[in-house]
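> Show me how the following folds:
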Amino acid sequence: MKSALVVGGSNGIGLSIALHLEGYDRVYIIDKQEPACPVPANVRYLPFDLLDKDYTLFDRLDESISTLVITAGYGRLALFSDVEEYEIERLFMVNTIGVIRILKHFYSKLHSATDDFHCAVMVSIAGIVSSPFFSIYGASKAALHRFIESVNVELEKAGAKNRVLEVSPGSIKGTNFSGGGTDLTQTEELALRIIERMMRKELLYIPQYEEIFRSVIARYREDAHAFGLESYEYKLKSGRIGSK
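Predicted structure coming up:
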């Protein structure tokens, strides 16, 4: 039996990826809420919250899983002074620690020198460049960015044939994160590109890199402080500060 697992697959880009994975007997969606639309017969939903302490669910699925996609994550635009302490812990638990724990459960498959295991993790461009009003979210994604970068080197030096694809987009239309809710017509193309790059075992995919983010990253590297000031003003004018 060939199975795939999409963590955070009940809406947005995660759901789109789950619905476009082909050739699997079973596609498991793990999320704290049910899928936002009807799913095919081979897609099975399993409820789980990344804030839970017990992650043994992932051990029970381990044998049949040959593809792992993690898209779970959240954040909100707010000044650090307006973020409650409990939010800091919850955000790192979901965006960083939970993701790393799941990867640890499947690490023996990733570490294989002979067996194919495909893996992709949704990070964020906010984990690569500074992002005022997103300080905690950006920090959680920056930690994940460095973790994946380092683990991929360890996998290569160990002779493993598998890699973790880091997907680091900006805002994605057709998702709850963008504020518009799930719209599969807007996420389909990106989902297919992520799957394609994951199957090729690439290391990093930044959607719209040539169109937008090559120059964004270059400006950040040239003067991180000036870039941060620019980013602050841009977000201030967006009208979304403090929105949940």
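> okay, residue 175: pLDDT?
For residue 175, the pLDDT comes out at 80.
> let me redo that: residue 51
pLDDT at residue 51 comes out at 97.
> which residues of this protein fall in helices?
12-20, 57-61, 85-92, 98-105, 107-110, 135-157, 184-199, 214-222, 224-236 (DSSP state H).
> and these as a markdown table, adding mean neighbour count?
In this view, the C-beta of every residue, glycine as well, is placed from N, C-alpha and C. A markdown table is the format used below for the helices of the chain (neighbours: other C-beta atoms under 10 Å):
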| stretch | mean neighbour count |
| --- | --- |
| helix 12-20 | 26 |
| helix 57-61 | 14 |
| helix 85-92 | 14 |
| helix 98-105 | 19 |
| helix 107-110 | 17 |
| helix 135-157 | 18 |
| helix 184-199 | 17 |
| helix 214-222 | 14 |
| helix 224-236 | 14 |
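> can you redo those helices as CSV with mean pLDDT and distance to residue 68?
As requested, the helices of the chain are exported to CSV (pLDDT from 0 to 100; distance: least, C-beta to C-beta, whole Å):
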stretch, mean pLDDT, distance to residue 68
helix 12-20, 96, 11
helix 57-61, 91, 9
helix 85-92, 97, 21
helix 98-105, 98, 7
helix 107-110, 96, 8
helix 135-157, 98, 13
helix 184-199, 94, 9
helix 214-222, 97, 27
helix 224-236, 94, 32
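> These: which one's closest to residue 117?
helix 107-110 (4.2 Å; C-beta to C-beta).
> residues making contact with that closest one?
62, 65, 66, 103, 115, 117, 119, 155, 160, 162, 164 (C-beta atoms under 8 Å, 6 or more residues apart in numbering).
> okay, which residue is most central for this protein?
Centroid-nearest residue in the chain, with C-alpha atoms, centre = their mean: residue 122, separated by 1.7 Å.
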